[in-house]
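[1] Coordinates only, no sequence provided:
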């Protein structure tokens with residue numbers, strides 16, 4: 001692997017340990033990645049749901065690793081900042097997926113512990129720990145310390161007794177950290193007391209998902225959170241604009257939904273000038 005990838009991986013890892021919280025917008029195509037990079041974000045993530053939507057398919061490993069990594073490659077090629085890829089549960093072949101992520105030009109990856117599309121619940125802990133170890137082994141063998149964001153869906157999927165979700169999440173995330181994860185992702189957590197307990201109990205930086213009800217970034221930093229990502233929210237917001245355009249055109253025949261808030265043609269075109 002190239003020195004450029006190694007350097008970007010070091011930069012991405014360091015961003016998890018800086019004085020400022022790492023805010024990661026999740027891009028779904030090269031265009032959205034360029035918008036986020038132009039805004040000044042020091043790194044960019046991808047969103048599996050947003051990428052799936054561009055293929056006209058739902059989220060949940062409904063597209064292949066090849067399809068996902070093709071978009072990751074276009075995103076990484078469109079920007080100069082480090083990119084971390086959402087590769088869902090790894091598509092079965094963890095080593096092959098790690099190589100594919102690096103070949104695409106990304107230097108980080110999310111790995112979730114939901115089993116496939118989620119219908120079977122969480123992957124057994126021992127099996128998921130082996131997957132995390134496989135990421136680290138494959139990454140090290142390729143000469144790039146890929147920044148692994150290990151995710152648990154205990155809260156997102158509403159697993160088990162609500163009173164037991166926090167200890168269950170901590171148990172799983174500690175195991176992922178010991179197995180080689182660099183960052184620990186707990187989507188759907190919003191309560192400050194729960195956030196505080198997670199940060200205090202976990203040995204690696206904590207990543208939360210931006211959503212309605214989550215404290216603002218400044219407060220999260222006070223609580224010790226290291227990383228906030230937007231997930232599919234921006235992609236869904238873009239789709240909502242397209243839906244609003246369609247509704248207005250069909251209901252009133254007017255155009256204000258897009259004419260009053262759109263970038264000018266020249267400004268949009270300028271985003272893609274090298």
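    It's in. Because the structure is predicted, anything quoted here is derived from the model rather than measured.
[2] Kindly report the domain assignment for the protein.
    What the record gives for the chain is the domain set 3-231, 233-274, from automatic domain parsing.
[3] End to end on the first one, go ahead and measure it.
    Yep, that's domain 3-231 we're talking about. The distance separating the two terminal residues of domain 3-231, taken as Cα to Cα, to the nearest Å, comes to 29 Å.
[4] The shortest one too?
    Looking at domain 233-274, the gap from its leading to its trailing residue is 28 Å under the measure Cα to Cα.
[5] Run the chain-centre distance for it.
    What separates the centre of domain 233-274 from the centre of its chain is 24 Å, taken as Cα atoms, centre = their mean, to the nearest Å.
[6] For that domain, the averaged confidence score.
    Per-residue pLDDT values across domain 233-274 average out to 91.
[7] Please identify the most buried of the domains of the chain.
    Ranked by mean neighbour count, the domains of the chain are led by domain 3-231 with a mean of 19 (mean count of other Cβ atoms under 10 Å). (Glycine included, C-beta is placed from N, CA and C.)
[8] Sketch out the helices for the stretch 51-200 of the chain, chain order is fine.
    Per DSSP state H, counting those that start in this stretch, the stretch 51-200 of the chain has helices spanning 65-78, 94-103, 125-141, 165-179, 192-201. These are given in chain order.
[9] Export these as TSV, with columns for mean pLDDT and distance to residue 147.
    Shown next, in TSV, are these (pLDDT from 0 to 100; distance: least, Cβ to Cβ, whole Å):
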stretch	mean pLDDT	distance to residue 147
helix 65-78	97	14
helix 94-103	97	10
helix 125-141	97	9
helix 165-179	98	13
helix 192-201	98	19
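[10] Select, out of those, the one closest to residue 246.
    With Cβ to Cβ as the criterion, residue 246 lies closest to helix 65-78 of those, at 24.1 Å.
[11] okay, the angle between the closest one and helix 94-103?
    In terms of direction (axes from the mean of the first three to the mean of the last three Cα atoms, to 10 degrees), helix 65-78 departs from helix 94-103 by 30 degrees.
[12] ok, residues contacting helix 65-78?
    By Cβ atoms under 8 Å, 6 or more residues apart in numbering, the residues outside helix 65-78 that reach it are 27-31, 33-34, 37, 44, 46, 48, 51, 54-55, 83, 85, 87-88, 91, 93, 96-97, 100-101, 103-106.
[13] switch the cut-off to 6 Å
    In this structure, residues lying in contact with helix 65-78 by Cβ atoms under 6 Å, 6 or more residues apart in numbering are 27, 30, 33-34, 46, 51, 83, 85, 91, 97, 100, 104-106.
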